[in-house]
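[1] any chance you can model this:
(2 chains)
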Amino acid sequence: MRDFFSSPTAVVGTTLLVIVLTAALFGPWIAPYDPQAFHPIARLQGPSAAHWLGTDQFGRDLLSRILHGAPATVAFGVFATALGVGVGSVIGVIAGVSGGWVDSTIMRILDGLLAVPDLLFTLLIVTMLGGGMEHALLAVAVAFTPGMARIARSAVLSVRTRDYVRAAIARGESGFYIVSCEVLPNALSPIVVEATIRVSFAIMIGATLGFLGLGAQPPSTEWGLMVAEARQFMFRNPWCVAIPGLSIAMAALGFNLFGDALRDALDPRRSH
Amino acid sequence: MTPSLNPAVTETTKPALAIRNYSLSYRTANGIVAALKNIDLTIGKGQTVGLVGESGSGKSSMAWSIMRYLPPNAVEDGGAIRLAGEEILDYTPRQMADIRGRRMAMVFQDPSTSLNPTIRLGEQIGEVLMRHRGLTKVEAMQEAEAALARTGITRPKEMLQRYPHEASGGEKQRVVIATAFACEPELIIFDEPTTALDILTARQILDLFNQLREETNVSALYISHDLGLVSRVVDEVSVLHKGGIVESGRVDDVFRRPKADYTRQLIGAVPNPDRWIGIDAPANPDPLISLETIGVHYNAPTMLQKIFQPKEAEKAGFWGAKNVSMEVRKGELLGVVGESGSGKSTIAKVLAGLQDFDGKLQFDGKTFGSRKDIDRAYRRRVQLVFQHPDASLNPRQTIGTIIGRPLKLYGIVPADKVATRVAELLEMVRLPADYARRHPHQLSGGEKQRVAIARAFAAEPDLVICDEVTAALDVSVQAAVAELLVKLQKETGTACVFITHDLNLIRQLAHRIAVMHHGALVDFFDGPDARADDRDPYTKALLDAVPVHADMEAFDVA
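    Here you go, the predicted model:
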């Protein structure tokens, strides 16, 4: 971890992440305008002194809308991932530790679920549950679970046959101690790294659902929804599509690069 | 001064390889680390020079420097490497590519990783011949067959068609050697060519090496950590220590009259079967634990298979151990010897309760019929030390936690005394008490193994199983670890099962020795009777294969 910031990936990733997280935490307070306030005389404008990032079809200030939308968008990504990773890891660890038929049964079911593409799977769930942010979040979490379970299981499997785990078995340790003190601490880093990378996917899927009208509902300032709403005015003012689009890209890239850098830094061959 | 070290001679005959004042270092996160310091080494035509050193001494860096294949963070700090008088430090990568394989070849430690698993062996040899000697495919194959025949492979034509996984370790190493000799190079670098092989196979490869050297008159650099082995094959030897050559000269001189302290220390550390370092045999030979017809069937057929396909089920899997019966006496040191795959580690796993088994295990009046019967009381009294200390210590725990765990688990000392006891245990294995706060990666291999031993003895066991505990360590560290074990045995009266492939070492320690072969116990005898006439032929073969330098047997350590 010492030389984490020696790689350009880490620096860029962390910088982007700091910008996005700042917007997510303080956005609503630093926004110059009310995100829902119409400015009828200043519709579909490009960047100007009054509106730094321009305005949309109702003359709403894009910067304010982006800043207001940041908490919802980022929180969506983070919570959906946390839920998916949490449930997936538990399933994966159970499968990895128990082995035998428990493992086979769990993994075959998950393989079946993995065969369905993430987005399609999410769409199916949202269609069944009905739209809205909470349902979209749940859908993304469910879609992430099989993949995370696989990663958690393989991490556990690679640790489970290590000699220090065998030493614990030979000592007569309880199963709980072996899993919580010997296996998990050593299996955690791939799970954490994968989780960071997945936040970016979650943000993108969330935005996609918003764009398709299945996630957040107007007049929400969720970024994906902003792109969808502004789509028909794209040729009159490209800014109102480009700005939320770029914001999504920035958040996704930030989490992605940070996750990559974290993976390199946690790699035992590189540290020490 | 030997002839080849004499500058006047080297200038006229141009040695096969001359290294002059060569230094190499690596750029790492912790700054520049020197790997080689002012190396001077000369290999005359047709000569074999040994380069002996422990891990981290820079032997492999030397090999890669000569091959001009260094990692990007390597920094060369001047000097010269001349191949038959030509300065190869100035060569372009393209020129070097032309030299590698044709004028210089290398034989690696592990033949299973140095051969490409997806290419037939014949093509791997033929490739070199086609690339460097411009042969056609047909000619190359004929030549490859001849090359394999020279290395003593019985059916070379068949071998050409095989993939690496279809050949044994020894056969693979023969193929690698055949490839190295294929273009009749001027220099061959052997980087521990027998370390990854079994004793008997290693012996054959060594004999092959000597035979080929005589036939081809090639010059060779033989890199090894094993002094006894090097003394058998080389003319001259250089001892490498922390990147510098501390001593070089004719092999007999170096071994008989070592000048440098380090060389003396190295020679002293080589296990010598005639020097007993173990404790006295226990007075009353009461059995502590006995194995009765223990069998371990790997990939055993399932119940369904047995019912529906009884014929296939018979042949399914293989027996890791079959019908093994022996007993360990209280306070003794029992050696278990065998090659890899002989079942010696299987026995260790059975004793440690890590492996399902058939048969019975009797311990202190109790009988265990399967792994699931084994209780915590047994597990406390029988402790296991693993081969690789890197793998057996949890990297996320501190040494204090690791050693303290058995104390807490079995309630050996009250919770508030654990730290004190850990400090005592560290002292027992001759480590400073403040190591308790460190993590395993901050320790060297030998220190880690001491921690693993301390953890085993923390449980105050009756039996400690040492599964190849010295195999992953350097020679000098090996000796220290073996001595430590003996000291602990003396202090605690614990019995020990010492599993190893090193017959010289075990004959220094063990009261009784069991020899295993293909999962069966083939021989079982008292330590001093190792050379007796009624030994099993396999035992005799093993004993004969172990390299002991004649002069070293006579060498007095004092």
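
[2] does the residue most central in space within chain A lie in a helix or a strand, and which?
    Note on chain A: the residue nearest the mean C-alpha position is residue A:199, at 1.6 Å, using C-alpha atoms, centre = their mean. Residue A:199 belongs to helix A:184-211 when elements are defined using DSSP states H and E.

[3] same deal with residue B:284?
    Here residue B:284 is assigned to no helix or strand, by DSSP H and E.

[4] state the phi and psi torsions of it.
    Listed backbone geometry of residue B:284 is phi -110, psi 110, with angles given as degrees, to the nearest 10.

[5] you'd agree it is up against residue B:493?
    No: using C-beta atoms under 8 Å as the test, residue B:284 is too far from residue B:493 to be in contact (11.9 Å). Bear in mind the C-beta positions are built from the backbone N, C-alpha and C, glycine included.

[6] ends of stretch A:233-245, what's the gap?
    End-to-end distance of stretch A:233-245 (C-alpha to C-alpha, to the nearest Å): 14 Å.

[7] can you list contacts of it?
    Stretch A:233-245 is contacted by residues A:44-47, A:53-57, A:62, A:65-66, A:69, A:223-224, A:226-227, A:230-231 when judged by C-beta atoms under 8 Å, 6 or more residues apart in numbering or on different chains.

[8] which of these fall in helices?
    Using DSSP state H, the members of those that fall in helices are A:62, A:65, A:66, A:69, A:223, A:224, A:226, A:227, A:230.

[9] tell me how many other residues surround residue 49.
    All of this is about chain A. Counted with other C-beta atoms under 10 Å in any protein chain shown, residues neighbouring residue A:49 total 5.

[10] try chain B instead
    Counted with other C-beta under 10 Å, residues neighbouring residue B:49 total 25.

[11] so it: helix, strand or coil?
    Under DSSP: H, G, I helix; E, B strand; the rest coil, residue B:49 falls in the strand class.

[12] bridge partners for residue B:516, pull those for me.
    Note on residue B:516: beta-bridge partners residue B:521, judged by DSSP bridges.

[13] list the contacts of it.
    Residues in contact with residue B:516, defined by C-beta under 8 Å, 6+ apart, are B:321, B:324, B:336, B:337, B:338, B:342, B:343, B:344, B:347, B:522.

[14] ramachandran angles for the fourth one?
    Listed backbone geometry of residue B:337 is phi -120, psi 140, with angles given as degrees, to the nearest 10.

[15] what does the first one give?
    Residue B:321 adopts backbone torsions of phi -150, psi 140, taken as degrees, to the nearest 10.

[16] and the two most separated of the ones in helices among the contacts of stretch A:233-245?
    Greatest spacing in the ones in helices among the contacts of stretch A:233-245, by C-beta to C-beta: A:62 and A:224 (14.8 Å).

[17] so how do I select the buried members of the contacts of stretch A:233-245 in PyMOL?
    This is the PyMOL syntax for the buried subset of the contacts of stretch A:233-245, where burial follows 16 or more other C-beta atoms under 10 Å in any protein chain shown:
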select buried, chain A and resi 44+45+53+54+55+56+62+65+66+69+223+224+226+227+230
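
[18] one step back: was I right to think the residue nearest to the centre of chain A contacts residue A:255?
    Yes: counting by C-beta under 8 Å, residue A:199 touches residue A:255, with 4.3 Å between them.

[19] anything in contact with each of the two?
    Shared contacts of residue A:199 and residue A:255 (C-beta under 8 Å, 6+ apart): residue A:77.

[20] can you tell me which of the contacts of residue B:516 end up in strands?
    Using DSSP state E, B:321, B:324, B:336, B:337, B:522 are the members of the contacts of residue B:516 that sit in strands.

[21] format the residues you listed as JSON lines; extra columns: neighbour count, pLDDT and distance to residue B:213.
    Shown next, in JSON lines, are these (neighbours: other C-beta atoms under 10 Å in any protein chain shown; pLDDT from 0 to 100; distance: C-beta to C-beta, whole Å):
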{"residue": "B:321", "neighbour count": "28", "pLDDT": "86", "distance to residue B:213": "40"}
{"residue": "B:324", "neighbour count": "25", "pLDDT": "90", "distance to residue B:213": "41"}
{"residue": "B:336", "neighbour count": "31", "pLDDT": "93", "distance to residue B:213": "36"}
{"residue": "B:337", "neighbour count": "27", "pLDDT": "91", "distance to residue B:213": "30"}
{"residue": "B:522", "neighbour count": "16", "pLDDT": "91", "distance to residue B:213": "34"}
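
[22] would you reformat those as CSV and include distance to residue B:35?
    Below are those laid out as CSV (distance: C-beta to C-beta, whole Å):
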residue, distance to residue B:35
B:321, 44
B:324, 46
B:336, 38
B:337, 36
B:522, 45
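
[23] adding distance to chain A, write those residues out as CSV.
    Listed next are the ones in strands among the contacts of residue B:516 as CSV, based on distance: C-beta to the nearest C-beta, whole Å:
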residue, distance to chain A
B:321, 17
B:324, 19
B:336, 17
B:337, 22
B:522, 27
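
[24] among those, which one lies nearest to residue B:418?
    Residue B:418 lies nearest to residue B:336 out of the ones in strands among the contacts of residue B:516, by C-beta to C-beta, at 33.3 Å.

[25] name whatever forms a beta bridge with the closest one.
    In this entry, residue B:336 is beta-bridged to residue B:499, residue B:514, by DSSP bridges.

[26] remind me which helix or strand residue B:293 belongs to.
    strand B:287-298.

[27] which elements pack onto that strand?
    If you count contacts as 3 or more C-beta pairs under 8 Å, 6 or more residues apart in numbering or on different chains; DSSP states H and E, strand B:287-298 packs onto strand B:318-329, helix B:344-351, strand B:358-363.

[28] so who does residue A:55 touch?
    Counting by C-beta under 8 Å, 6+ apart, residue A:55 touches A:39, A:42, A:43, A:44, A:45, A:61, A:62, A:237, A:240.

[29] kindly recompute the last result at 10 Å.
    A:33, A:38-39, A:41-48, A:61-65, A:237, A:239-240 (C-beta atoms under 10 Å, 6 or more residues apart in numbering or on different chains).

[30] repeat that for residue B:56.
    B:35, B:241, B:242, B:243, B:444, B:445, B:474.

[31] give me the subset of those that lies in strands.
    In strands, defined here by DSSP E, the members of those are B:35, B:241.

[32] helix, strand, or coil at residue B:21?
    Quick answer, by three-state DSSP: residue B:21 is strand.

[33] show me where the stretch 1-150 of chain A has its strands.
    Taking DSSP state E, counting those that start in this stretch as the test, none of the stretch 1-150 of chain A falls into strands.

[34] quick one: low-confidence parts of it?
    A:1-3 (pLDDT under 70).

[35] report how many residues lie close to residue 14.
    Looking at chain A here, since you left the chain open. Using other C-beta under 10 Å, residue A:14 has 17 other residues around it.

[36] switch to chain B, please.
    14.

[37] not counting sequence-adjacent ones, nearest residue to it?
    In this structure, residue B:14 finds its nearest non-sequential neighbour in residue B:85, 4.1 Å apart by C-beta to C-beta, 6 or more residues apart in numbering or on different chains.

[38] off-centre distance for stretch A:181-196?
    With C-alpha atoms, centre = their mean, to the nearest Å as the basis, stretch A:181-196 stands 17 Å off its chain's centre.

[39] for stretch B:402-422, same thing?
    Distance, centroid of stretch B:402-422 to centroid of chain: 34 Å (C-alpha atoms, centre = their mean).

[40] quick one: end-to-end distance for that stretch.
    Counting by C-alpha to C-alpha, you get 9 Å between the two ends of stretch B:402-422.
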